[in-house]
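A.B. asks: sequence below, structure please.
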Amino acid sequence: MIVLSEIITLKRNNDFRRLYAKGRSYAGPVLVTYVMKNRCRTVRIGITTSKKIGKAVIRNRSRRVIREAFRMISEEVRPGYDLVFVARGKTPYVKSGVILCDMKKELKEAGVLK
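C.D. replies: Take a look at the predicted model:
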């Protein structure tokens, strides 16, 4: 079981670039997920929203909704993975439940869920 304190946030640019280059991607209508194994026994997540999504308020809403959806399933995620969630155009306009469904489907396809 993962406690939220064990979930580390990716902040460095080279961590994101490494996941984009070497990680596997899984795309859905509202979210793109990049997954890669890491050497530590924790889950590290990063959230990306580009300026194509909208202005700052819209991008922040996208990040909040993605973070909340991940928080709901964080206990089901196996430790030892780096995850990057990329917001798409529809992301700021849907509820976290829709994103949760999409996220579960992509993480199950990646084999990250317990």
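
A.B. asks: name the SS class of the residue nearest to the spatial centre of the chain, please.
C.D. replies: When the chain is reduced to its mean C-alpha position, the nearest residue by Cα atoms, centre = their mean turns out to be Phe85, at 3.0 Å. Reducing the assignment at Phe85 to three states with DSSP: H, G, I helix; E, B strand; the rest coil gives strand.

A.B. asks: which residues are in contact with it?
C.D. replies: Taking Cβ atoms under 8 Å, 6 or more residues apart in numbering, we find Phe85 in contact with 31-33, 45-48, 66, 70, 103. Any C-beta I mention is one placed from the backbone N, CA and C, and that applies to glycine too.

A.B. asks: quick check, pLDDT for the most far-flung residue of the chain relative to its centre.
C.D. replies: When distances to the mean C-alpha position of the chain are computed (Cα atoms, centre = their mean), the maximum falls on Lys55, with 20.4 Å. The model reports Lys55 with a pLDDT of 95.
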